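A.B. asks: Sequence and predicted model, in that order:
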Amino acid sequence: GACSSGDGQGSNDVSNQGYVSSDGAIATWPAGDRKGPVALAGTDYAGEKQDVAGWLGDVVVINTWYANCPPCRAEAPDLVDLANDYEAKGVRVIGLNGTDGAGDAEAFQRKFEVPYPSIDDSTGAGVAALQGVIPINAVPTTVVLDREGKVAARILGIADASTLRGVVDDALAEGS
């Protein structure tokens, strides 16, 4: 049963600097109960258009982050490893950053050798699109979409590497 309400985590977070430092509350949904498909599109920090609607048939991992967020920094190497290890299996990873300007975001991407794009969500449109389908009341939050673009799992806070790989493996196993 996925009935995690989020308990308003991050809602008192006026400065946009709040984060959940726990190991991440995970919620998963069986195929018949999933919401979506998620419509997430925007421009990345390199100026390229990104649109998850074009990635149907692949498993998509969406990660909200900002450069100054300690748990985001802590989980970055695991997300980078996941992106590199799973690219050939049909998994796409995309970041969503509503806080940083290009300078801070690109410095973070260089430091952690991030191989995937991040949408510059300074307008908040990307988060709003996600929020319409699944509450994401904390940064970082990681959302895993199945091959139909529907929400298979959500992890609030740091995405534990083995937990994240487990839900991605499950989504991949569902067939194309």
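C.D. replies: Thanks, I have the structure now.

A.B. asks: tell me what the longest helix anywhere in the chain is packed against?
C.D. replies: Longest among the helix segments of the chain by residue count, using DSSP state H, is helix 70-86. For helix 70-86, the packing partners by 3 or more Cβ pairs under 8 Å, 6 or more residues apart in numbering; DSSP states H and E come out as strand 59-64, strand 91-97, helix 161-173. Any C-beta I mention is one placed from the backbone N, CA and C, and that applies to glycine too.

A.B. asks: Kindly provide the whole-number mean pLDDT of that helix.
C.D. replies: For helix 70-86, mean pLDDT is 97.

A.B. asks: And stretch 53-62, by the same measure?
C.D. replies: The model assigns stretch 53-62 a mean pLDDT of 96.

A.B. asks: And it, what's buried?
C.D. replies: Along stretch 53-62, these residues count as buried under the neighbour rule (16 or more other Cβ atoms under 10 Å): 55, 58-62.

A.B. asks: Show me which of those is closest to Phe112.
C.D. replies: Val61 (15.3 Å; Cβ to Cβ).

A.B. asks: State the distance from the closest one to Gly103.
C.D. replies: 25 Å (Cβ to Cβ, to the nearest Å).

A.B. asks: for Val133, same thing?
C.D. replies: Applying Cβ to Cβ to Val133 and Gly103 gives a distance of 31 Å.

A.B. asks: If you count surrounding residues, which of those two has more?
C.D. replies: Legend: neighbour count by other Cβ atoms under 10 Å for Val133 and Gly103, higher for Val133 (20 against 10).

A.B. asks: That one contacts Lys35, doesn't it?
C.D. replies: Yes. With contacts counted by Cβ atoms under 8 Å, Val133 reaches Lys35, the gap being 4.9 Å.

A.B. asks: list the residues that contact both of the two?
C.D. replies: Applying Cβ atoms under 8 Å, 6 or more residues apart in numbering, one finds that Val133 and Lys35 are jointly contacted by Val151.

A.B. asks: Looking at the helices and strands packed on helix 70-86, which is nearest to Lys49?
C.D. replies: Closest to Lys49 of these, according to Cβ to Cβ: strand 91-97, at 12.0 Å.
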